[in-house]
Every structure is written in structure tokens, then in C-alpha cells.
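> using only what follows, build the 3D model:
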Amino acid sequence: MNSNFPALKLRERAADKPQRTEGRAATKTRILAATEKLFIVHGFDATSLRAITTEAGVNLAAVNYHFGSKEELFAIVLTNRLDALNLERVRLLDALEAKGIDAALRVEQLIATMFLPALQLARNPERGGSDFLKFLGRAYADPSPFVSGLLSERYAAQDSRFVQAFAKALPELHAHDLSMRLHFMLDAISSTLASEDARKLMAGLAATSADAVEEDVAVLTHLAPFLAGSLRAKVNQPGQQAAIRAVIASA
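Predicted coordinates for the structure are as follows:
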């Protein structure tokens with residue numbers, strides 16, 4: 001695994017070990033593809049090894065041989081996709097900070113930095129492909145403690161870089177408030193990416209664009225201001241409290 005990320009507490013033997021025969025390599029590829037396909041639709045908990053072996057056309061012994069367990073298999077599937085995303089996010093953040101962040105629109109730029117790599121990977125069949133946004137949405141929206149724990153541990157350093165950058169951009173927010181808002185924002189966008197209807201709307205924006213750059217601009221100039229507004233919003237104001245209390249009193 002890439003040295004930029006902490007080692008998985010799993011065997012990882014199947015991630016880099018050369019296969020003895022082309023047949024074994026093809027079997028491993030089918031298992032990974034089947035796991036990713038089923039994960040996108042059903043999530044971790046509802047995807048059984050039996051379903052994976054049926055989809056891949058292999059027996060359970062093949063999964064055990066190549067990956068050892070369901071958790072090991074899913075760890076490889078998740079990190080194969082998400083390591084590249086997180087490395088690219090940090091590379092882009094480094095470049096933005098070196099160039100200089102826009103003083104007035106730094107929150108929008110940071111949001112774009114988080115999501116631009118996902119849009120680019122979704123156009124690259126070798127690194128992400130057309131299902132990448134669905135995969136990304138499912139991964140970060142999946143309720144499984146295994147998935148959330150894996151992502152939290154493996155990408156903690158990268159996440160911390162962005163939290164620090166947002167803290168500089170929003171100095172008026174208490175650390176707890178910022179953490180809560182970022183959590184809500186990421187949960188919302190994960191659910192959006194996992195939604196077929198939302199992706200169709202995004203595709204509609206992209207369809208009006210002349211090239212890949214303009215496509216990303218079209219999507220991000222709708223997405224970034226919307227999310228930035230949620231991070232900057234004044235909350236828990238007296239008038240807001242009174243309005244909410246009126247609703248509760250009528251319940």
C-alpha cells in the first residue's frame with residue numbers, strides 16, 4: 001500500500017503479490033469487480049460473500065485464498081479507489097496554498113479542492129470510471145462501523161489538513177461548530193453522490209459544457225457556493241430559536 005497512508009491492520013497479501021498464473025489473476029479481478037458492483041448497490045453489511053461469489057462466478061475458496069476475509073476484501077476495494085482520491089486532494093490543496101488562496105472566496109476554493117479530484121477521476125476509466133461518484137457516495141454514506149472506521153483511520157491525516165484549512169478560512173467558528181458543519185456537509189454530499197437523480201442533474205450541467213474544464217466549472221460553481229453558505233451560516237440566533245419553538249409548541 002502507498003506509504004502516504006497508515007498500514008491496514010489486515011494481511012494485504014493480495015494487494016501487491018504477483019499471481020502465479022493468468023487464471024488466478026483473472027479470478028482476483030472478477031472478485032474485486034463483483035465486490036465493488038454489489039457494494040455500490042447494497043453497501044457493506046448487505047453484501048454477503050455468497051452474493052460476491054455468485055456475481056463473480058467463483059467459489060468461496062477463491063475469495064479466502066486471495067483475500068482471507070470479507071473485511072480484507074472490502075478494505076482492498078475501498079482503498080484501491082480512495083487512496084488515489086485522497087492523494088490527489090492533498091496534492092491540489094498543496095498547490096492551492098502555494099499559489100495563494102482567494103481571500104474572499106477561500107471557502108469555495110477549499111470545497112472545489114475537495115471535490116474536483118472526484119469529478120476528474122470519474123472521467124478516467126483506468127483510475128475511477130463512470131461509477132466512481134456512486135462508489136464514493138456509497139463509501140462515505142455507508143453506515144457500517146467497519147467502513148467508517150477504515151476510512152477514518154486511513155485518511156485521518158488528509159482529513160486533518162482540510163479541517164485546518166477550513167479553520168483558517170472560517171476563524172469565527174468554534175472548532176466544535178466547524179467539525180459539526182463539515183460533518184453535515186460531507187454527509188449531505190455523500191448522499192447526493194449516491195443518488196441517481198442528483199447525478200442526472202449534475203450530468204445535465206456537464207452536458208452544456210464545451211470541455212472537461214468547463215464541465216467541472218459548471219458543477220462546482222453550483223455546488224461550492226451552496227455548501228459554502230452552509231458553512232458560513234449564522235445559526236442558533238434568537239429569531240431562529242423562536243421560530244423553531246413555535247413549531248415545537250404546535251406539535
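
> where does pLDDT dip in the stretch 51-200 of the chain?
The model of the stretch 51-200 of the chain has no residue with pLDDT under 70.

> where along it do the helices fall?
Secondary structure of the stretch 51-200 of the chain (DSSP state H, counting those that start in this stretch): helices located at 60-67, 70-99, 106-122, 132-141, 145-154, 156-169, 175-193, 196-207.

> which one of those helices lies nearest to residue 4?
helix 70-99 (6.1 Å; C-beta to C-beta). (Glycine included, C-beta is placed from N, CA and C.)

> between the closest one and helix 145-154, how many degrees?
40 degrees (axes from the mean of the first three to the mean of the last three C-alpha atoms, to 10 degrees).

> so which elements touch helix 70-99?
helix 13-16, helix 22-42, helix 60-67, helix 106-122, helix 132-141, helix 145-154, helix 156-169 (3 or more C-beta pairs under 8 Å, 6 or more residues apart in numbering; DSSP states H and E).

> go ahead and confirm residue 208 touches residue 218.
Yes: if you go by C-beta atoms under 8 Å, residue 208 and residue 218 touch, sitting 6.6 Å apart.

> more crowded one of the two?
The neighbour comparison of residue 208 against residue 218 (other C-beta atoms under 10 Å) goes to residue 218, with 18 against 9.

> give the contact list for the more buried one.
Residue 218 makes contact with 205-206, 208-209, according to C-beta atoms under 8 Å, 6 or more residues apart in numbering.

> which among these count as buried?
205-206 (16 or more other C-beta atoms under 10 Å).

> of the contacts of residue 218, which is the nearest to residue 167?
Of all the contacts of residue 218, the one sitting nearest residue 167 is residue 205; the distance, using C-beta to C-beta, is 30.4 Å.

> you'd agree that closest one is up against residue 219?
Yes: contact criterion C-beta under 8 Å: residue 205 and residue 219 qualify, at 5.4 Å.

> give me the contacts around stretch 97-112.
93, 96, 162, 165-166, 168-170, 220, 223-225, 227-228, 231-232.

> nearest to residue 114, of those residues?
Out of the contacts of stretch 97-112, the member with the shortest distance to residue 114 (by C-beta to C-beta) is residue 162, at 6.5 Å.

> nearest to residue 201, of the helices and strands packed on helix 70-99?
Using C-beta to C-beta, the nearest of those to residue 201 is helix 132-141, at 12.2 Å.

> the inter-axis angle of the closest one versus helix 196-207?
Interaxial angle of helix 132-141 relative to helix 196-207 (the same axes, to 10 degrees): 140 degrees.

> helices and strands around helix 132-141, which ones?
Using 3+ C-beta pairs under 8 Å, 6+ apart, helix 132-141 is in contact with helix 22-42, helix 70-99, helix 106-122, helix 145-154, helix 175-193.

> returning to that earlier point: a markdown table for the contacts of residue 218, including pLDDT and distance to residue 42?
A markdown table is the format used below for those (pLDDT from 0 to 100; distance: C-beta to C-beta, whole Å):
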| residue | pLDDT | distance to residue 42 |
| --- | --- | --- |
| 205 | 75 | 29 |
| 206 | 72 | 27 |
| 208 | 81 | 34 |
| 209 | 81 | 33 |
